[in-house]
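**Q** just to be clear, the model below is a prediction. Sequence and coordinates:
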Amino acid sequence: MFSPPGVTGEKGFIGFEALRVFMSRDTFDDLVSQLVTAGTQPGPLAGALEELRCFYGDL
């Protein structure tokens with residue numbers, strides 16, 4: 001689950017099951033940018049992101 005800053009609170013967060021990682025807007029934007037870039041390049045991270053997309057649907 002991704003929740004950008006301002007949606008549910010001042011900080012954004014990424015969540016997997018019960019784990020929530022809160023971060024500033026700049027950190028959140030940087031993380032999303034890196035995940036999008038990594039997800040478009042062949043390799044194990046792209047495969048893992050695709051599998052997570054199947055589970056969660058919002059990556």
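**A** Good, I have the coordinates.
**Q** strands of this protein, start to end?
**A** Shown for the chain, the strands assigned by DSSP state E span residues 2-3, 12-16, 19-23.
**Q** generate JSON lines for those strands, with distance to Val32, mean neighbour count and mean pLDDT as supplementary columns.
**A** Yep, even glycine has a C-beta here, placed from its N, CA and C like the rest. Output for these, formatted as JSON lines (distance: least, CB to CB, whole Å; neighbours: other CB atoms under 10 Å; pLDDT from 0 to 100):
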{"stretch": "strand 2-3", "distance to Val32": "7", "mean neighbour count": "16", "mean pLDDT": "68"}
{"stretch": "strand 12-16", "distance to Val32": "9", "mean neighbour count": "16", "mean pLDDT": "72"}
{"stretch": "strand 19-23", "distance to Val32": "10", "mean neighbour count": "12", "mean pLDDT": "80"}
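**Q** got CSV for those strands, with distance to Glu51 too?
**A** Below are those laid out as CSV (distance: least, CB to CB, whole Å):
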stretch, distance to Glu51
strand 2-3, 16
strand 12-16, 12
strand 19-23, 17
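**Q** what about the closest residue to Pro4 other than its chain neighbours, distance to Val36?
**A** Of all residues not flanking Pro4 in the chain, Gly12 sits nearest, at 4.8 Å (CB to CB, 6 or more residues apart in numbering). Distance, Gly12 to Val36, using CB to CB, to the nearest Å: 15 Å.
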